[in-house]
Structures are given as structure tokens and as C-alpha cells.
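A.B. asks: any chance you can model this:
(one chain, ligands or ions: 1)
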Amino acid sequence: MGCSIDPGGYDIGTRIRAGNGPWQTWFQPNKRDDKSLKAVGVFGISEALKCRATRVECGVRDMVSFNKTRANMEPLALSKAFTLLEPGPVVLVTTHDGRKPNIMTITWTMVRGFSAEFAMTTGPWNHSYRALRDSRECVLAIPTVDLIDTAVGIGTCSGEDTDKFEKFRLTPLPARYVQAPLIGECLANIECRVVDIIERYSIVLLEGVAAYVDSTRTEKRMLHAVGDGSFIVDGARIDRREMMRSKLPSGV
Ligand SMILES: Cc1cc2nc3c(=O)[nH]c(=O)nc-3n(C[C@H](O)[C@H](O)[C@H](O)COP(=O)(O)O)c2cc1C
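C.D. replies: Numbering: from 1, shown residues only. The predicted structure is shown next:
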């Protein structure tokens, strides 16, 4: 089986179709520890490229650097990751079921502490759930107000019959520690591992392992769901940091 990869090369994050099968994937150079993956090319800075779709070597060159492929996503200290979710924004959750990525919209989330510990309410009624449960990984991507129709659209169709990255023209970017992709168009992304699932209450407990923010974005207003189909957009920010100092972790 061959790989239909343009020998001119693709950026990491580019989706490819391998062989004649239904498999679609994108290059992920960050899964060194995954024995099921096989190196298929040589990255510009000697990173081994992995192609999950086949075990056939494919010629790939002219790759961009690994960091560049995360576009404007600058690393954010994990100790500050909770500040992305504490305001309770609409969140897009990406998963990867081993074959392809998917996205769902989530608003039932919570912060469990200052150290990148989160929870969300979801369950088997969503297609994403199986990937979440089996891979025990996801990315929490935070959209801004300009993505409102995308966020609602993603939350009103299913990955069971829809390729949401394609349908909503979103860019999957390679995460560092998980197979689920970051979303390039979002303000921020948090790579997470699933640490537990309390099935009785449909609560998924997450632990952040890496966080990123696109500080080059001019639109930074997040969305907040009221729950009746209407949304509130971020407004003025009021500073009470000094007053709250005794309750805040250092460095925040
Ligand atoms: C604004 C909004 C908020 C949502 N919040 C949640 C939520 O917190 N938990 C949940 O399980 N589903 C939530 N949903 C529904 C899922 O996003 C929806 O069922 C989606 O189609 C699941 O996609 P999937 O089947 O590809 O996983 C929300 C949908 C919208 C539009």
C-alpha cells in the first residue's frame, strides 16, 4: 500500500489519505512513545515523522519546524491554565479515536483547583465520548466571539457522520502530548489527560498537561452560554488582584 503524499511536502498538521483505505490522518511527530506508530520521514530538525495510517514509508521533505506548526500558539505556564477556564467560556473539545479527530462543544465545565485540574459533564450520547473514554485524552480549545456560529454548529452535528474540521474549516494543529489536535483558530488550547470518569454522574475529570495562548489575536472576547440558546460575550475586566492576593496562587 502506498501513501498519496505530495513529495513536495506538507506541513505537520496537514491531513493526508494513506493508501486506498478510508484512513485519514495528519503527521504527528510528537508520539515517540507510541509503538504502534512508525517513522515515515525525516523532519527538518531531525524529528521522526509518524504516520499512523500505514506502515509504508513515504517520502516527505520541506517540512516546517515543529514549533512553527503550532502557528501562533505560544506555550502558557500550566499554573495559569485554570485562568482560561475559570471564566466559564464555551469550550470546544477535540478528541481522536485512533482514526480521525472530532470536536464537540461543551459548556458544562469546572475548574477543580489551581493546578490545571478540570472537569466536564458529558456522556455516551455524544460521539466524542467513546474516543474520550478509550484514548483518555482530549484538548480543550477556547473559541472567541467571532467563532460563535462555528461553536454552535459543532455542537449541533455529530462526528459520527460529519468531519467537523472539514465542515467548519478549522485547522488541526499537532499537540505535544496527546493525539487530539489543537484548534488553530481558537484563542487558547489545553492538552488534557482523562484522569477519571464518574459514569454515574457523567463527569469526566481532566488534568492539563500543556497549555497555549494565541496572543497575536486581536479578538479575545470569549463566549458564555446562558443555556437557553443565547450567549454572553466578555465585557469589561475589573481588577481586584490586590484585594484577593491572599487567595491567589503566586505568579498568577
Ligand atoms: C452551546 C452548546 C453547549 C453544549 N454543552 C454541552 C455539554 O456541556 N455537555 C454535553 O455533553 N454536550 C454539550 N453540547 C452538545 C454537544 O456539543 C453535541 O451533542 C455535539 O453534537 C456532540 O458532538 P459529537 O457527537 O461529534 O461528539 C453542547 C452544545 C452546544 C451547542
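A.B. asks: residues in the stretch 51-200 of the chain within reach of the ligand, list them.
C.D. replies: Residues of the stretch 51-200 of the chain found near the ligand (C-beta under 6 Å from any ligand atom) are 90, 102, 104-108, 121-122, 126-128, 152, 155-160. Heads up, the C-betas are built off the backbone N, CA and C, glycines and all.
A.B. asks: same thing but 8 Å
C.D. replies: Applying C-beta under 8 Å from any ligand atom, we find that the stretch 51-200 of the chain lies next to the ligand at 90, 95, 102-109, 120-123, 125-129, 151-152, 154-160, 162, 164.
A.B. asks: lowest-pLDDT helix or strand in this structure?
C.D. replies: Sorting the helices and strands of the chain by mean pLDDT, DSSP states H and E puts strand 38-42 at the bottom, at a mean of 32.
A.B. asks: these two touch, right, I103 and V93?
C.D. replies: Yes. At 6.8 Å, I103 counts as touching V93 under the criterion of C-beta atoms under 8 Å.
A.B. asks: who touches both of the two?
C.D. replies: S128, A141 (C-beta atoms under 8 Å, 6 or more residues apart in numbering).
A.B. asks: between those two, which one's more packed in?
C.D. replies: Neighbour tally, I103 and V93, criterion other C-beta atoms under 10 Å: the higher count belongs to I103, 30 against 26.
A.B. asks: host element of that one?
C.D. replies: strand 101-106 (DSSP states H and E).
A.B. asks: okay, that strand in PDB with CA atoms only?
C.D. replies: Extracted in PDB, the C-alpha atoms of strand 101-106 (Å, rounded to 0.1, in the frame of the first residue of the first chain):
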ATOM      1  CA  PRO A 101     -10.200  13.700  15.100                       C
ATOM      2  CA  ASN A 102     -13.500  15.100  16.200                       C
ATOM      3  CA  ILE A 103     -14.800  18.200  18.000                       C
ATOM      4  CA  MET A 104     -17.800  18.800  20.300                       C
ATOM      5  CA  THR A 105     -19.000  21.900  22.100                       C
ATOM      6  CA  ILE A 106     -19.100  21.900  25.900                       C
END
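A.B. asks: what's that strand in contact with?
C.D. replies: 90-96, 120, 122, 126-128, 131, 140-141, 151-152, 154-155, 159, 164-165, 168, 170, 172, 180-181, 183.
A.B. asks: domains in this structure, by residue range?
C.D. replies: Domain segmentation of the chain under automatic domain parsing yields 1-70, 73-247.
A.B. asks: ok so, going back, list the buried residues of the strand holding I103.
C.D. replies: Residues P101, N102, I103, M104, T105, I106 are the ones in strand 101-106 that count as buried (16 or more other C-beta atoms under 10 Å).
A.B. asks: the third one - nearest residue in space that isn't next to it in sequence?
C.D. replies: Leaving aside its chain neighbours, I103 sits nearest to K164 (4.6 Å; criterion: C-beta to C-beta, 6 or more residues apart in numbering).
A.B. asks: what packs against the host helix or strand of R133?
C.D. replies: Element membership for R133 (DSSP H and E) is helix 128-135. Counting by 3 or more C-beta pairs under 8 Å, 6 or more residues apart in numbering; DSSP states H and E, the packing neighbours recorded for helix 128-135 are strand 91-96, strand 101-106, strand 137-142, strand 188-198.
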